[in-house]
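Engineer: Need coordinates for the below:
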Amino acid sequence: MKAYERLLKYVVVRTPSDENSETVPSSVCQFDLARLLEAEMKDLGLTDVVLDDQCYLYGKLPATAGLEDKPAIGFIAHMDTVSDYCDHDIKPIVTENYDGGELKLGTSDTVLSPKNFPHLESLKGRTLITSDGTTVLGADDKAGIAEILTMIERVQEEKIPHGPLCVAFTPDEEIGTGASHFNVEQFGADYGYTLDGDTEGEIQYENFNACKADFVIKGFNVHPGSSKDTMINASLVAMEINNALPSMETPRGTEDYEGFYHLVSMSGEVAKAELHYIVRDHDKDLFEAKKKTLKLIEKDMNEKWGEGTVTLTISEQYRNMAEIISTCMHLIDNAKKACENADVTPLVLPIRGGTDGCQLSFKGLPCPNLGTGGHAYHGPYEHITVEGMDKSVDVVTELVKLYAE
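Structural biologist: Down below sits the predicted model:
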């Protein structure tokens, strides 16, 4: 079975995670895909296949005889999708021989255009997979799952010599908790790779340092006709807080290694308002400076409006795994060589986000990230090509060969 055929089967199983849930997994529907994958892994001959009660799925492919002492290499992808644009069933559309131009998605008003996504011109002639324009596609990260299992199938069918191989599929990556309950010991790998990137050939081991920053503003509400020097409008204070942040340090105004403050959601009335940010920076010192800026704003607002008006809560999320991966750069060197062996151009790029591998690297499992061939994740423009998926399978297959040498 080809990777894209697996993808088409997986994306129709809805698996949005829920950031407001306190359960693990955050949504019970993730078990629907996990059980399907559990059966498929067993059919492919994986051993020690375990689906635990928190929706983490593990399996192993024992080494070829004589290669048991080679490093155990793990491959990881996540089962959940974002909840945005995922409130009803996903209907994938396959467009053969894509012409590189504008493409209307299904009967929706969504148009995939090179004006917004210039790389589309480079996909001319490929077979393009999209949603119908009303949902995400779910290639993030079901493409990674499909490519891992296709590699496992190929290794066995072609009798490719290999060391111990470990496979895991996780829940809740999109809400930042995918690695929180990951059992590194049970997984059994010495080193790992997540398949959760974009373009085929991507190799990523530098990610953001990340935290959440939540402001709660307590207002003082009195009749507007008699409120001079008395009323404190929490919504207006919230606007002051946002305006105090550097105006260009937003996702729209930054790229590459530049960090940002991102206002994810807000709510407000006179008596109470809330601002919810995520804060990101690759550089540890600049990341700490951003947190210091937020704390200074809290201090200034309370000095202006009265102590207790503004409360800031900062919650750490993940750290830059580069400090771990830098001690085992063979992971990156071999990934580059695997790309070259697969006739794919290696693209070493910083991650403007995070993966399960960020946290796993600090749990003792160094785990850079590889591309899957997908683009424009987290929205109705998400797309991937059959050819990009095939090349991604080639890359991980070549990795298996390299670690068996």
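
Engineer: Look up how far N320 lies from the closest residue to D256 other than its chain neighbours.
Structural biologist: Once its chain neighbours are removed from consideration, D256 has its nearest residue in P350; the separation is 6.4 Å (C-beta to C-beta, 6 or more residues apart in numbering). No exception for glycine: its C-beta is placed from N, CA and C like everyone else's. The spacing between P350 and N320, counted by C-beta to C-beta, to the nearest Å, is 9 Å.

Engineer: overlap in contacts of the two?
Structural biologist: In terms of C-beta atoms under 8 Å, 6 or more residues apart in numbering, P350 and N320 are both contacted by the residues 206-207, 282.

Engineer: Same list, those residues, but as JSON lines with pLDDT, distance to I76 and secondary structure please.
Structural biologist: Putting the shared contacts of P350 and N320 into JSON lines (pLDDT from 0 to 100; distance: C-beta to C-beta, whole Å; DSSP: H, G, I helix; E, B strand; the rest coil) gives the following:
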{"residue": "E206", "pLDDT": "96", "distance to I76": "18", "secondary structure": "coil"}
{"residue": "N207", "pLDDT": "94", "distance to I76": "15", "secondary structure": "coil"}
{"residue": "H282", "pLDDT": "95", "distance to I76": "22", "secondary structure": "coil"}
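
Engineer: most centrally placed residue in the chain?
Structural biologist: T355 (4.9 Å; C-alpha atoms, centre = their mean).

Engineer: Would you check how far apart that residue and N207 are?
Structural biologist: Here T355 is placed at a distance of 7 Å from N207 (C-beta to C-beta).

Engineer: Could you pull out the residues contacting both of the two?
Structural biologist: Going by C-beta under 8 Å, 6+ apart, residues that sit against T355 and also against N207 are N369.

Engineer: State the pLDDT value of Y98.
Structural biologist: The predicted structure scores Y98 at 98 on the pLDDT scale.

Engineer: element containing it?
Structural biologist: Taking DSSP states H and E as the criterion, Y98 maps to no regular element, lying outside all helices and strands.

Engineer: Contacts only, for it.
Structural biologist: Y98 neighbours (C-beta under 8 Å, 6+ apart): 123-128, 385.

Engineer: mind checking how far the closest residue to it other than its chain neighbours is from V222?
Structural biologist: In space, and not counting its chain neighbours, Y98 is closest to L128: 4.2 Å by C-beta to C-beta, 6+ apart. Separation of L128 from V222 (C-beta to C-beta): 59 Å.

Engineer: who has more neighbours, the two?
Structural biologist: Neighbours were counted for L128 and for V222 using other C-beta atoms under 10 Å; L128 has more, 25 against 12.

Engineer: Report the contact partners of the more buried one.
Structural biologist: Residues counted as contacts of L128 (C-beta under 8 Å, 6+ apart) are 94-95, 98, 103, 383-385.

Engineer: Give me the secondary structure label for Q317.
Structural biologist: Under the three-state scheme (DSSP: H, G, I helix; E, B strand; the rest coil), the conformation of Q317 reads as strand.

Engineer: Next, give phi and psi for the closest residue to L67 other than its chain neighbours.
Structural biologist: Using C-beta to C-beta, 6+ apart and skipping the chain neighbours, the partner closest in space to L67 is G163 (4.9 Å). Phi and psi for G163, reported as degrees, to the nearest 10, are phi -80, psi -170.

Engineer: Now for G163, how many residues are close by?
Structural biologist: Close neighbours of G163, defined as other C-beta under 10 Å, add up to 20.

Engineer: Isn't it up against L61?
Structural biologist: No. At 9.6 Å, G163 does not count as touching L61 under the criterion of C-beta atoms under 8 Å.

Engineer: Tell me which stretches of the chain form helices.
Structural biologist: 3-11, 30-43, 139-157, 184-187, 234-243, 284-305, 322-325, 330-341, 356-361, 386-403 (DSSP state H).

Engineer: the inter-axis angle of the first one versus helix 139-157?
Structural biologist: With axes from the mean of the first three to the mean of the last three C-alpha atoms, to 10 degrees as the basis, helix 3-11 and helix 139-157 are set at 130 degrees to each other.
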